[in-house]
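Trainee: Turn this into a model:
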Amino acid sequence: TLHLTSLDRFVAAMLLLPGEAASRTLSSTAAVPERRRDVPMCKFRYVDRGFEKTAQFPVDPKDDVSGILSSASSGPLRDYQDKLKVIQLREKGLSKTELAEKVGRSEHWVKRWWREHAAALERPAGANDVVLQKASLSSFRDLDIRRSFLDDDSTYDSLVKQVSWRQAKVVARDQNTGELALRYNERGESINAGRQVADYTGGLDFLDKILQKVFSEMDIRDPQ
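Mentor: Numbering: from 1, shown residues only. Alright, predicted model coming up:
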């Protein structure tokens, strides 16, 4: 069963999937074009739960962010992710020199960590310590942003019409167990979130083809 969140986020997911296939270009310096001050921007206004908001994007998609992005910017979490990265890429056959270049570390640093076992690495502590300690190793992978991944303009409308969407609810994570639970208002009612969700088990040919393309190009494999 595939769990989908609101359409804009689903489309983004196809662009932002953290893919192991990105190992061929993994780098501590992501392939992000330097944003020039004179890049033309377009602004959009929209209403979210009764409040007007704005968002802006480059007029030319080529000026927007793309490529391989680290999901951690710095600090212990970045160190942990780099350790996982060199272990994974060593298993794919990369040398110490190649690994050092990929992660922006010295060969001495790579040699210290590349033969460790990923599951045995000490996880970093943080504000959401329970989440960090219980998250799967795949949660720490880089983001792979691919523009124009799909060239079918009808995908959005097809998702709107053919997928059974329902109202999402606000949830909070228990700091002791790490489990998610519904949040309630003062009247004991569950709180609506600003998005729609859906479950998908197959049956739509266009969506099955999209998912097959995502799984293939991002080298995603079902752990089960």
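Trainee: could you pull out the helices for the protein?
Mentor: Counting by DSSP state H, the chain forms helices over residues 7-16, 75-91, 96-103, 107-113, 129-134, 155-162, 205-217, given from the N-terminal end onward.
Trainee: Need those in JSON lines (columns: distance to residue 38 and mean pLDDT).
Mentor: C-beta: built from backbone N, CA, C; applies to glycine. Listed next are these as JSON lines, based on distance: least, CB to CB, whole Å; pLDDT from 0 to 100:
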{"stretch": "helix 7-16", "distance to residue 38": "25", "mean pLDDT": "45"}
{"stretch": "helix 75-91", "distance to residue 38": "31", "mean pLDDT": "90"}
{"stretch": "helix 96-103", "distance to residue 38": "32", "mean pLDDT": "92"}
{"stretch": "helix 107-113", "distance to residue 38": "39", "mean pLDDT": "95"}
{"stretch": "helix 129-134", "distance to residue 38": "40", "mean pLDDT": "73"}
{"stretch": "helix 155-162", "distance to residue 38": "31", "mean pLDDT": "92"}
{"stretch": "helix 205-217", "distance to residue 38": "33", "mean pLDDT": "91"}
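Trainee: Which one, of those, ends up nearest to residue 140?
Mentor: With CB to CB as the measure, helix 75-91 is the member of those nearest residue 140 (4.9 Å).
Trainee: what residue of this structure is the furthest out?
Mentor: Note on the chain: the largest separation between a C-alpha and the mean C-alpha position, by CA atoms, centre = their mean, falls on residue 187 (35.1 Å).
Trainee: Quick check, pLDDT for that one.
Mentor: Residue 187 carries a pLDDT value of 94.
Trainee: just use 16 as the starting number from now, easier for me
Mentor: That works, and once the first residue is 16, the last one we named lands at residue 202.
Trainee: give me phi/psi at it?
Mentor: Here is the backbone geometry of residue 202 (degrees, to the nearest 10): phi -90, psi 10.
Trainee: now swap in residue 108 and tell me
Mentor: The main-chain torsion angles of residue 108 are listed as degrees, to the nearest 10 and equal phi 100, psi 10.
Trainee: What's the local residue count around it?
Mentor: Here the neighbour count serves as a burial measure; for residue 108 (other CB atoms under 10 Å) it reads 7.
Trainee: now swap in residue 145 and tell me
Mentor: Around residue 145 sit 15 other residues, with neighbours defined as other CB under 10 Å.
Trainee: Correct me if wrong: it contacts residue 190.
Mentor: Yes: when contacts are counted by CB atoms under 8 Å, residue 145 is listed as touching residue 190 (6.0 Å).
Trainee: From residue 183, how far out is the residue farthest from the centre of the chain?
Mentor: When distances are taken as CB to CB, to the nearest Å, residue 202 and residue 183 turn out to be 19 Å apart.
Trainee: Against residue 154, how distant is residue 95?
Mentor: Going from residue 95 to residue 154 by CB to CB gives 11 Å.
Trainee: Just want to know which of these two has more residues nearby.
Mentor: residue 95 (18 against 11).
Trainee: Look up the closest residue to the more buried one, ignoring the ones flanking it.
Mentor: With sequence-adjacent residues excluded and distances taken as CB to CB, 6 or more residues apart in numbering, residue 95 is closest to residue 139, at 5.0 Å.
Trainee: got a list of what that neighbour touches?
Mentor: By CB atoms under 8 Å, 6 or more residues apart in numbering, the contact set of residue 139 is 90-92, 94-95, 147.
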